[in-house]
Structures are given as structure tokens and as C-alpha cells.
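**Q** here are the coordinates; sequence isn't available:
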């Protein structure tokens with residue numbers, strides 16, 4: 001039991017680390033135990049680290065069958081194909097990977113481009129990142145990684161700067 005705990009526990013933590021760190025609130029002990037029990041029950045634990053296989057992939061007969069993913073209907077596939085033909089979003093040259101709308105752009109409707117950030121937005125985001133201490137980097141320190149909350153604060157600062165601009169300022173930039 002002790003050997004299996006020392007092997008399984010790090011594997012479970014490694015498998016769930018990405019989702020656990022993405023959440024802002026830490027998991028409770030009961031939640032971690034429930035996730036571990038579910039992973040053990042379904043075989044969703046790494047078994048072969050060299051190939052990255054899970055237990056349910058190595059021994060599928062020992063675990064309940066995974067629900068199959070529902071695919072697209074025939075009508076959905078036909079609609080996607082018709083849209084791709086209309087916009088020229090089909091590969092024309094396999095060697096280069098160019099699409100029809102890249103080879104003959106005049107034959108297809110123009111693709112909409114997204115507007116980039118304004119100078120005021122970039123300046124506001126830079127000021128916010130500096131205020132949060134994310135731009136203070138020296139040779140002796142690792143770069144600081146922004147938390148999701150800090151990324152959102154920086155984004156909001158840029159949006160506030162964009163909202164505060166009037167039409168006259170947009171024409172000058």
C-alpha cells in the first residue's frame with residue numbers, strides 16, 4: 001500500500017497540476033481525494049512515462065469504457081465544406097501548403113483583419129505591467145511571470161485607455 005501510494009500520488013498530482021494551478025482557489029483535501037479516487041477508478045493515471053500512456057490505454061479491459069466523442073453530422077460537414085469552397089479556404093498546393101484564397105485572392109471575398117492595439121492602449125498596458133513589477137528584470141533574476149489576475153488587470157488597463165480616447169485622438173494616431 002505504501003509503495004502504491006508513493007507511486008500513484010505524484011502521478012496524480014502531475015496529471016492534475018495544470019488544472020489545479022489554473023484555478024484561483026486551492027482545492028480542498030476532500031476535492032483532491034475525490035479527484036484521485038475518480039482517476040484511479042477510470043485509469044486516468046500515467047502508467048508509462050516514456051510513451052505517456054495512461055493505465056486505461058494500456059489495460060482498457062480493466063477500466064470502464066470512455067464515452068465516445070460525438071462527431072459532426074453529415075449536414076454540418078457539408079456546410080463547412082461549402083463555406084470553405086466559398087471563401088477559398090482549401091489547400092491548393094500540398095507542397096507549400098498555400099490555400100486557394102492565398103494563390104488567387106481576387107477570386108474570393110476579402111478576409112476581415114482584426115484591428116491592433118492603439119498606442120494609448122500599449123502605453124497603458126506597459127504602465128500597468130511596470131506598476132505590478134513585471135517589467136523589472138535584471139541579468140541575475142528570472143523574468144517574472146504574470147498571474148492570470150495580473151494579465152486581466154493589464155488587459156483592463158488597455159481597454160480603459162481605449163475607452164477614454166475620443167474620435168479626434170483616433171484620427172491623429
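**A** Okay, I see it. Everything quoted here is computed from the prediction, not taken from an experiment.

**Q** Where does pLDDT dip in the protein?
**A** 1-24, 49, 137-138, 166-173 (pLDDT under 70).

**Q** What ranges does it have for its strands?
**A** Here the chain has its strands, by DSSP state E, at 46-48, 53-54, 91-93, 98-99.

**Q** How is the protein partitioned into domains?
**A** Structural domains assigned to the chain are 2-62, 74-107, 119-172, following automatic domain parsing.

**Q** thinking again about what came up before, can you list the strands of the chain in a markdown table and add mean neighbour count?
**A** (Glycine included, C-beta is placed from N, CA and C.) Listed next are the strands of the chain as a markdown table, based on neighbours: other CB atoms under 10 Å:
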| stretch | mean neighbour count |
| --- | --- |
| strand 46-48 | 15 |
| strand 53-54 | 16 |
| strand 91-93 | 12 |
| strand 98-99 | 15 |
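
**Q** Out of those, the one nearest residue 135 is which?
**A** strand 46-48 (37.6 Å; CB to CB).

**Q** Quick one: list the elements packing against the closest one.
**A** Secondary structure elements in contact with strand 46-48, counted by 3 or more CB pairs under 8 Å, 6 or more residues apart in numbering; DSSP states H and E, are helix 2-22, strand 53-54, helix 55-58.

**Q** Please state the offset of it from the chain centre?
**A** What separates the centre of strand 46-48 from the centre of its chain is 24 Å, taken as CA atoms, centre = their mean, to the nearest Å.

**Q** Could you list the paired strands of that strand along with their orientation?
**A** strand 53-54 (antiparallel) (DSSP bridges).

**Q** Count the neighbours of residue 122 for me.
**A** As a burial measure, residue 122 scores 13 neighbours (other CB atoms under 10 Å).

**Q** swap in residue 101?
**A** 19.

**Q** swap in residue 129?
**A** Neighbours around residue 129, by other CB under 10 Å: 19.

**Q** got a list of what it touches?
**A** 135, 146, 150, 154 (CB atoms under 8 Å, 6 or more residues apart in numbering).

**Q** redo that, cut-off 7 Å
**A** 135, 154 (CB atoms under 7 Å, 6 or more residues apart in numbering).

**Q** Distance of it relative to residue 161?
**A** 13 Å (CB to CB, to the nearest Å).
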